[in-house]
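I would like the atomic coordinates for the input below:
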Amino acid sequence: MHEQAHAPFGTAVQPFAEPRSRLLQLDFLLLLATIGLIVFGVITLNGAITINSGYFVSRQIAYGVIGLVLMLVVARFDYSRFRELRLALYGAAIGLILLVLAAGGVTRGSRRWLELPFLRFQPSELGKLLLVLALSAFVLERVRRRSEREITARIMLLAIVPTLLVMVQPDIGTGIVYIAIAFTVLFIAGTKWTHFAALGALTVAAVCAVLVVAPALGTPVLKHYQTDRLTAFLHKDNADPKSEGYQLKQAEIAIGSGGKTGRGPKKATQTRLAFLPEGHTDFIFAVVGEQYGFVGGAIVLSLYALLIWRALRILTLAKNLYGALVAGGVAAMLMTQTFINVGGNVGIMPITGIPLPLMSYGGSSVIVTLMAVGLLQSVYVQARQAARAKQETIS
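From the prediction side, this is the model:
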């Protein structure tokens, strides 16, 4: 039914939008939310780092500028072309993750990055975007030739492979995002609720096996500190404030001390005295809470709400099913990361080390997220052009 609501897949397209649509046809609400988050992130970052803050701020601005340029480039490109490259995109995602496992540097027990001249490149970040494009295309290729059960099984298998690879790094947060992308793509494609019930049961069983059964049998999958960190939010009142409960406790203190309007960067003691760990990355929302209070946190969450709303709106406007799947995958990526990061800061989700989109310091996250926004813009521009062409035909 979904396919009938969109233009035929065989419609001739141009790889780039018409020149007059480069800027005028962009979704400006989406652009406003994106730039607003980048600016707020830079301002917060400047107050989150006490030593050599200029270095980090200048690099974050550079990442933002590069990302915005790439966003405009991707926005001009016809996203439908990526459907033809599904095997290459999926292979690139797997290959990059394997490369980092083989040659990546180790930092604090994790092997997630490749050292490049300008930035520490994190392949699993780019893998999110590649997975969105590839899974969306694989769904379309199989929808006419396979049973629904087989489609669900194959798409989940394709998602589980990179998920397991990033969890080996270990990067549990990114693994969760990969699964969320797969679930969303299947949902938009019209997968039956019974399939999701089965997948949900398997997910719960897998979590129990990793966190409970395996340690009880003496063959733990995760290291002890990883398990403690993931489960600390479930018993935060009893968690050791000097070990697994330290990060969560300091984040809650920072957010609570901000009050309504915040303490300002100079009086934010949790941040300035370095009680709050990783304030420029994992816990940048806690920095917002301490420095700018409830008002600042509300502004940030409102910008994320606008960003995700526009992504979901673009999903409904897409000219074909592939565009809807891509927009939905990007929306799932943004929503899952935001929820896990902010939830970890306020104590309702486990702390996984996942960055807050467009605000946490880091070139890979900022650039890839802006490229994802560019994909949304491409879907939006193509939808507007298709609607205009249809209107001209009718008139």
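
shouldn't residue 93 be in contact with residue 133?
No - taking CB atoms under 8 Å as the definition, residue 93 is not a contact partner of residue 133, at 9.2 Å. C-beta coordinates here come from the backbone N, C-alpha and C atoms, glycine included.

show me which of the two is the more surrounded one.
The neighbour count for residue 93 versus residue 133, taken as other CB atoms under 10 Å, is higher for residue 93 (27 against 23).

element containing the more buried one, please.
Assessed by DSSP states H and E, residue 93 sits inside helix 86-103.

for that helix, output the C-alpha coordinates as CSV.
Extracted C-alpha coordinates of helix 86-103, given in CSV (Å, rounded to 0.1, in the frame of the first residue of the first chain):
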residue,chain,number,x,y,z
ARG,A,86,23.4,-0.8,-1.7
LEU,A,87,26.0,-3.6,-1.8
ALA,A,88,28.9,-1.2,-2.0
LEU,A,89,27.5,0.9,0.9
TYR,A,90,26.9,-2.1,3.1
GLY,A,91,30.3,-3.6,2.3
ALA,A,92,32.0,-0.2,3.1
ALA,A,93,30.2,-0.2,6.5
ILE,A,94,31.5,-3.7,7.4
GLY,A,95,34.9,-3.1,5.9
LEU,A,96,35.5,0.2,7.8
ILE,A,97,34.5,-1.4,11.1
LEU,A,98,36.8,-4.4,10.5
LEU,A,99,39.6,-2.0,9.6
VAL,A,100,39.3,-0.2,12.9
LEU,A,101,39.3,-3.5,14.8
ALA,A,102,42.5,-4.5,13.0
ALA,A,103,44.4,-1.2,12.9
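
relative to the longest strand that the chain contains, what are the paired strands and their orientations?
Longest strand of the chain, by residue count under DSSP state E: strand 110-115. Sheet pairing of strand 110-115 (DSSP bridges) gives strand 105-107 (antiparallel), strand 120-121 (antiparallel).

any idea which helix is longest in the protein?
Longest helix in the chain, counting residues (DSSP state H): helix 284-317.

so what does that one touch, helix or strand wise?
Counting contacts by 3 or more CB pairs under 8 Å, 6 or more residues apart in numbering; DSSP states H and E, helix 284-317 packs against helix 28-48, helix 246-257, helix 269-272, helix 321-346, helix 363-394.

report the angle between the axes of it and helix 363-394?
With axes from the mean of the first three to the mean of the last three CA atoms, to 10 degrees as the basis, helix 284-317 and helix 363-394 are set at 20 degrees to each other.

mind listing what's buried in helix 284-317?
Across helix 284-317, burial judged by 16 or more other CB atoms under 10 Å covers 284-293, 296-297, 300, 303-304, 306-308, 310-311, 313-315, 317.

please list the residues outside the helix holding residue 93 that contact it.
For helix 86-103, contacts defined as CB atoms under 8 Å, 6 or more residues apart in numbering pick out 82, 111-114, 122-124, 126-127, 130-131, 133-134, 137-138, 141, 158, 161-162, 165-166, 168-169.

show me which of those are buried.
82, 111-114, 122-124, 126-127, 130-131, 133-134, 137-138, 158, 162, 165-166, 169.

of the residues you listed, which belong to helices?
Those of the buried ones among the contacts of helix 86-103 lying in helices (DSSP H): 123-124, 126-127, 130-131, 133-134, 137-138, 158, 162, 165-166.

may I have the longest strand of the chain as CSV, with CA atoms only?
Extracted as CSV, the C-alpha positions of strand 110-115 are listed here (Å, rounded to 0.1, in the frame of the first residue of the first chain):
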residue,chain,number,x,y,z
SER,A,110,38.1,0.7,23.5
ARG,A,111,39.2,0.3,19.9
ARG,A,112,36.9,2.7,17.9
TRP,A,113,39.1,5.2,16.0
LEU,A,114,41.4,5.6,13.1
GLU,A,115,44.0,8.3,13.5
